[in-house]
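**Q** Got a sequence here, can you build the structure:
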Amino acid sequence: MKKVIKGWEHIPGIHCGSAALRDVAGFYGLPLSEPMCFGLGGGLGFFYLIDNEISPTRNIHLRGPDMEPNFFSLFSDKKEWMFEKDNEKALQTVLDYLDRDIPVLIQTDIFYLDYYNSGTHFPGHILVVSGYDSGKEEIYLSDTGFNGLQAVSFKNFKKSRSAKIKPYPLSNNWFDVSRLNTEADLQILIPRAIKTNALNMLAGVTSPRGVSGVERILELSKDIVNWKGVEDWKWCFRYSYQVIQKRGTCGAGFRWMYRDFLNEAKDYYDFEFTEQIAIKMDHIGNEWFELSEFFKKISEQDSPDSFLTHSSQRLFNIYNLEKNFYTEIVSNL
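**A** This next block holds a predicted model:
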């Protein structure tokens, strides 16, 4: 038996999480753009992890934790990621919600998603489960930039949801979205979301991936000079370039996506102030983009030694720009 959520439509997007938010919001009659969903969910973050058991051994991530439940908590009851140890039970739970035409958000490792044909583990990739076929034993997924629904076998679907890969091992992470309040006032929600994200960046937020916050940028600025002694330094720089510029980040570690959110937000809240911080975020995004290009260049050298001090200085500059940005928001909202 084939079952697809009645009335479901997937629109290809840029980032897995914000594209999923946009799809579900649209399904329930809330026509928001992907940047608006990203901003309302408080998508900005920064992680820096040192772990010699992962690849690369120096790992950065520029998106904040819990953007998806944060977003839906604005429009419904409080949402949190839920977990399930039993893979069969986790699968059946998803199928039960689909039978009721309720979309389910999940986290996956793309290594096991057939249509990626990927040899690289990447846990934490967010999708919406949109249907299934019990006869073929396959699940149908709405995934970021792909057109239509993507089919994955039940077997690999279960593997993708339970992969124990550092730095983000999965335990069938999921939550359902059964309704949304389409009458929620964006004039209230937007400044609240902007301030909350700023507070989180200043104070730091602990998650299964580690601590996200602006001080982690300072930590990287201080530590990057030590990368010369790291065996996989080339991959550390190349991966950092990819994470900032290439992997669904809108080109600048999500900072340009947040800029686009702020440019939309100014139509709902304090046009002049929001326009000013949008311009500042655009500049911050430019700095991240240029840094990623510099990291790419370093990854192609025989030695990183002559580039490390400049890398540290550029990161320290970004740290100051971001800290001042969030401090200004907290002081004015």
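
**Q** Kindly list the longest strand within the protein.
**A** Longest strand of the chain, by residue count under DSSP state E: strand 123-133.

**Q** Show the subsequent helix or strand relative to that strand.
**A** strand 138-142 (DSSP states H and E).

**Q** Look up how far Gly41 lies from the residue nearest in space to the middle of the chain.
**A** Residue closest to the average C-alpha location in the chain (CA atoms, centre = their mean): Arg63, at 4.7 Å. From Arg63 across to Gly41, the span is 10 Å (CB to CB, to the nearest Å). (Each C-beta comes from the backbone N, C-alpha and C, glycine too.)

**Q** Show me where the stretch 51-200 of the chain has its strands.
**A** Using DSSP state E, counting those that start in this stretch, the strands of the stretch 51-200 of the chain run over 58-63, 104-109, 123-133, 138-142, 150-153, 174-176.

**Q** wait, doesn't Gly253 sit right on Tyr241?
**A** No - applying CB atoms under 8 Å, one finds Gly253 not in contact with Tyr241, separated by 10.7 Å.

**Q** shared neighbours, the two?
**A** Shared contacts of Gly253 and Tyr241 (CB atoms under 8 Å, 6 or more residues apart in numbering): Ser292.

**Q** Which of those two has more residues huddled nearby?
**A** For Gly253 versus Tyr241, neighbours defined as other CB atoms under 10 Å are more numerous around Gly253 (29 against 20).

**Q** Identify the residues contacting that one.
**A** Gly253 touches Phe46, Leu62, Val243, Ile244, Gln245, Gly285, Trp288, Ser292, counting by CB under 8 Å, 6+ apart.

**Q** Take those residues and keep only those in helices.
**A** Val243, Ile244, Gln245, Gly285, Trp288, Ser292 (DSSP state H).

**Q** Determine which two of the residues you listed are furthest apart.
**A** Spanning the widest gap among those are Val243 and Gly285, at 14.4 Å by CB to CB.

**Q** the helices in the stretch 51-200 of the chain, which residues?
**A** For the stretch 51-200 of the chain, applying DSSP state H, counting those that start in this stretch gives helices covering 67-75, 87-99, 154-162, 186-203.

**Q** Who's the closest spatial neighbour of Asn263, skipping the chain neighbours?
**A** Among residues not flanking Asn263 along the chain, Ala278 sits closest, at 5.0 Å (CB to CB, 6 or more residues apart in numbering).

**Q** buried ones in stretch 191-204?
**A** Pro191, Ala193, Ile194, Lys195, Thr196, Asn197, Ala198, Asn200, Met201, Leu202 (16 or more other CB atoms under 10 Å).

**Q** do stretch 220-238 as well
**A** Neighbour counts over stretch 220-238 (16+ other CB under 10 Å) mark Leu220, Ser221, Ile224, Trp227, Val230, Trp233, Lys234, Cys236, Phe237, Arg238 as buried.

**Q** what's the span of that stretch, first residue to last?
**A** By CA to CA, to the nearest Å, the extent of stretch 220-238 from end to end equals 15 Å.

**Q** roughly how far is it from the heart of the chain?
**A** Chain-centre distance of stretch 220-238: 23 Å, with CA atoms, centre = their mean, to the nearest Å.

**Q** shared neighbours, Arg63 and Gly41?
**A** Common neighbours of Arg63 and Gly41 (criterion: CB under 8 Å, 6+ apart): Gly17.

**Q** For the closest residue to His61 other than its chain neighbours, list the residues it contacts.
**A** Nearest residue to His61, sequence neighbours excluded (CB to CB, 6+ apart): Phe47, at 4.2 Å. Going by CB under 8 Å, 6+ apart, Phe47 touches Asn59, Ile60, His61, Leu62, Arg209, Gly210, Val211, Ser212, Arg216.

**Q** any chance of those in TSV, with neighbour count, pLDDT and distance to Phe175 too?
**A** Listed next are those as TSV, based on neighbours: other CB atoms under 10 Å; pLDDT from 0 to 100; distance: CB to CB, whole Å:
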residue	neighbour count	pLDDT	distance to Phe175
Asn59	21	95	26
Ile60	19	97	26
His61	22	96	21
Leu62	21	97	23
Arg209	18	89	18
Gly210	20	93	22
Val211	18	97	23
Ser212	24	98	20
Arg216	21	99	26
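
**Q** for those residues, which one is nearest Phe111?
**A** Phe111 lies nearest to Asn59 out of the contacts of Phe47, by CB to CB, at 16.4 Å.

**Q** Now do the end-to-end distance for stretch 174-190.
**A** Termini of stretch 174-190 sit 25 Å apart (CA to CA).

**Q** Spatially, which two of the buried residues of stretch 220-238 are the most separated?
**A** Farthest pair in the buried residues of stretch 220-238, by CB to CB: Ser221 and Lys234, 20.1 Å.

**Q** that older thread, in a helix, that's where the residue nearest to Asn263 is, yeah?
**A** Yes - under DSSP: H, G, I helix; E, B strand; the rest coil, Ala278 falls within a helix.

**Q** tally of neighbours for it?
**A** A count of nearby residues for Ala278, using other CB under 10 Å, gives 18.

**Q** for it, what are its contacts?
**A** Contact partners of Ala278, counting by CB under 8 Å, 6+ apart, are Arg259, Leu262, Asn263, Ala265, Lys266.
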